[in-house]
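*Asks:* A predicted structure for the sequence below; I have some questions about it.
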Amino acid sequence: MNGIKMSTNNPKVTVVTVTYNAQKYLEQTIKSIIEQDYPNIEYIIIDGGSSDGTIDIIKKYEKYLSYWISEPDSGIYDAMNKAIDAATGEWINFMNAGDSFVSKDTISYLINHLEEKTDLITGDRYSVYENSSKKVLNKASGIKGIKEHGMPSGHQSMLIKFSLMKEYKYSLAYKYASDHDLMLRFYRDNKNFKLINRPISNYLRGGYSDENNIEAYLEILFLMIKYKPYKTNLKELAFFKKFFYYNQPKEIKEGNNLLFSKQLNKITEQYLEFVENNENLLFYGNGTVSRMLLNIDSKKIIGIIDQNDLNQNSLSIPVYPPQCIQDIKYNKIIITVLGREKDIIEYLNKTFFIDVKNILVFNVAKKY
């Protein structure tokens, strides 16, 4: 297997497609890549052990592939890291099943617009929707986008220097937003981003992150708090503001799925009631929700209880293991681990004899 096209006179570009049970979408992605006019492309497919017809499609186009594998993985970012380990290009792009390049000369265009100091070049993308002719242009925002929400554009529209990807890789600590983590680390380390005013990719909506948008956005909020690329208060950040229901225009409130907006809004409103009506509060959980809330109001939080993560948070609130609870002079505990409230209440009550009246939980429904 020698790849699509090989030429020693042009920088080798590795294109990676990550798949899992993608029979319905994979062929259009493969065609988009093998029809590129760029003369030096290494094409890699990493499949997560599909049980549908995905492998048959991969084998159909095997002669165009430099490398492919089908085996279980730990998620999309684990699969992307496997591709990085197998790649040999100078530049790399991740074009996953269902996504495609906008035109046949896209890679050539990107390569021709590289500059000596470029570490990452990116442009716009179209959001496309299954069984619909709807196509929405999402403008790339470059450095501004990283400061606002952690991404300069979608990863489908990026060409990244491979040496950087080999060095940084995707963090497996995040299930949904490791691409945001990568971009924020690049920004932190002053890597050179180049923005071009041209659509690069078609992005098929409805994938892994879209299906888990609440969890994904919570991870992004955590990362924005962790790296703080913005100079303003988190509450003033456009990314933060746009997910609050009461900040949305009427037509958006009535027309879109604002599950995350409503959930975040409800958590925040309840939290502000908790801190208004109580003193000397503890958080149970040192994760995304607790760190987000601390950036909203931390004055009455005296500590955080966490079984595993004892790292200090961005506001230097002390973090204690559960066995220290009885040594802390607190009034009430706020559970910030969503979805496990019942188990945690039972644990605190049976292990430390904490009255359930002194445990506060967020009344957040999964659906509205």
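*Replies:* Great, that's in hand. Numbering: from 1, shown residues only.

*Asks:* now for the helix or strand containing I44, which elements pack on it?
*Replies:* Per DSSP states H and E, I44 falls inside strand 41-47. In terms of contacts (3 or more Cβ pairs under 8 Å, 6 or more residues apart in numbering; DSSP states H and E), strand 41-47 is packed against strand 13-19, helix 26-34, helix 54-60, strand 67-70, helix 76-86. Every residue, glycine included, has its C-beta placed from N, CA and C.

*Asks:* Compare those and report which one is nearest to T106.
*Replies:* Smallest distance to T106 across the helices and strands packed on strand 41-47 (Cβ to Cβ): 8.8 Å, for helix 26-34.

*Asks:* Now do the closest one: everything it contacts.
*Replies:* 4, 15, 17, 19, 41, 43, 45, 54, 57-58, 60-61, 64, 95-101 (Cβ atoms under 8 Å, 6 or more residues apart in numbering).

*Asks:* again, only using 6 Å
*Replies:* 4, 15, 17, 19, 43, 54, 57, 61, 64, 97, 99-101 (Cβ atoms under 6 Å, 6 or more residues apart in numbering).

*Asks:* picking up where we left off before, please export the C-alpha coordinates of the strand holding I44 as CSV.
*Replies:* Coordinates of the C-alpha atoms in strand 41-47 are reproduced here as CSV (Å, rounded to 0.1, in the frame of the first residue of the first chain):
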residue,chain,number,x,y,z
ILE,A,41,-0.8,12.5,0.0
GLU,A,42,-0.5,9.8,2.6
TYR,A,43,-4.0,8.5,3.6
ILE,A,44,-4.6,6.7,6.8
ILE,A,45,-7.9,5.1,8.1
ILE,A,46,-8.3,4.1,11.8
ASP,A,47,-11.4,2.1,12.4
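
*Asks:* Report the angle between that strand and helix 26-34.
*Replies:* 160 degrees (axes from the mean of the first three to the mean of the last three Cα atoms, to 10 degrees).

*Asks:* what's near enough to touch V356?
*Replies:* With contact taken as Cβ under 6 Å, 6+ apart, V356 is in contact with 345, 349.

*Asks:* residue ranges of the helices in the stretch 51-200 of the chain, please?
*Replies:* Counting by DSSP state H, counting those that start in this stretch, the stretch 51-200 of the chain has helices at residues 54-60, 76-86, 106-112, 142-149, 162-168, 178-188.

*Asks:* Now do the buried residues in the third one.
*Replies:* If you call a residue buried by 16 or more other Cβ atoms under 10 Å, then helix 106-112 has these buried ones: 106-111.

*Asks:* helices or strands up against that helix?
*Replies:* Applying 3 or more Cβ pairs under 6 Å, 6 or more residues apart in numbering; DSSP states H and E, we find helix 106-112 packed against no helix or strand.

*Asks:* do the second one as well
*Replies:* Secondary-structure packing of helix 76-86 (3+ Cβ pairs under 6 Å, 6+ apart): strand 13-19, strand 41-47.

*Asks:* Compare those and give me the one nearest I121.
*Replies:* strand 13-19 (11.3 Å).

*Asks:* which residues make contact with the closest one from outside it?
*Replies:* Contact with strand 13-19 is made by 26, 29, 33, 41-47, 54, 76, 79-80, 83, 87, 89, 91-97, 107, as judged by Cβ under 6 Å, 6+ apart.
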